[in-house]
Structure formats: C-alpha cells, structure tokens
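Enquirer: Sequence plus the predicted model coming up.
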Amino acid sequence: MEDNNSCNNDWEKRIMAIHDTMDVLSGKWKISILASLCYHGKRRFSDLLNDVKGISNKMLSKELKDLEINRLVKRTVLDTHPITVQYELTEYGKTLRTIIKHLLDWGFEHRKKIIGK
C-alpha cells in the first residue's frame, strides 16, 4: 500500500512542477519574448516590439516585468541620452534555451504535418 502512496505522491510532485512551469511561461507572448532574447541576445524594448509581432507596448512591459520577477530576464538602464533600456536573459533564463529549441523544432514539424510547410 505504501508503494502506491509513494507513486501517487511522486506523480503529484511532477504535476505540480509542470503547473509551476506553465504559470511562469504561460500566456501568448512570454515564449516569443524569451525566444527573441535567446536568439538575439541583448534587445532594446523597441527591438522586442518588432520581434514579437502583435504585442502592445503595455503588454510587453507587463510580460517583461513578470519575466524579471521570475529571474529569467534582466533589465539594464544605460546612461545614454535618451536613456536606453536593454533586456537580456539571466543565467537562470538561459537554462530555458533547450526548451525553446525543442519548442521551435516541434513547431516546424507540426506545421509540416498540418499544413505541409
């Protein structure tokens, strides 16, 4: 009986970890923002607006703040005139590169299967 409880407890921990991951990465824009930073390195706010088609200024600002809170993205204010703000992945954020690469690969394969392109 204890083995069954142990197995259920392990499963619950795994599901909780998946839910935690999805809470951090959920939404329409976060993966695209992370992918841009992953493939381009440091980006200004306006660069990210151009990279992530369809996102509004307000939503990009909100999503970047969420990613900063979760220590995935670092915001740096440069002493220029006018002031320049750059965003980049933190070392912790860089741990998502493999996941983003897998999502990219899966997306290409899925697109081929569904629409043949």
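Expert: Received, thanks.

Enquirer: quick one, what contacts Gly27?
Expert: Glu63 (Cβ atoms under 8 Å, 6 or more residues apart in numbering). In this view, the C-beta of every residue, glycine as well, is placed from N, C-alpha and C.

Enquirer: Look up the pLDDT of it for me, please.
Expert: Gly27 carries a pLDDT score of 89 in this model.

Enquirer: Cys7 too?
Expert: 73.

Enquirer: Which element is encountered next along the chain beyond the helix or strand hosting it?
Expert: Secondary structure from DSSP states H and E places Cys7 in helix 2-25. Downstream of helix 2-25, the next assigned helix or strand under DSSP H and E is helix 30-40.

Enquirer: Output the contacting helices and strands for that following helix.
Expert: On a contact count with 3 or more Cβ pairs under 8 Å, 6 or more residues apart in numbering; DSSP states H and E, helix 30-40 meets helix 2-25, helix 45-51, helix 57-69, strand 73-78, strand 84-89, helix 97-115.

Enquirer: and the angle from that helix to strand 73-78?
Expert: Angle between the axes of helix 30-40 and strand 73-78 is 60 degrees (criterion: axes from the mean of the first three to the mean of the last three Cα atoms, to 10 degrees).

Enquirer: From the rest of the structure, what touches helix 30-40?
Expert: 24-25, 43, 47-48, 51-52, 55, 60, 63-64, 66-67, 72-73, 87-89, 93-94, 96-97, 100, 103-104.

Enquirer: Between the two ends of stretch 68-81, how far is it?
Expert: 24 Å (Cα to Cα, to the nearest Å).

Enquirer: Output the below-cut-off pLDDT ranges for the chain.
Expert: 1-4 (pLDDT under 70).
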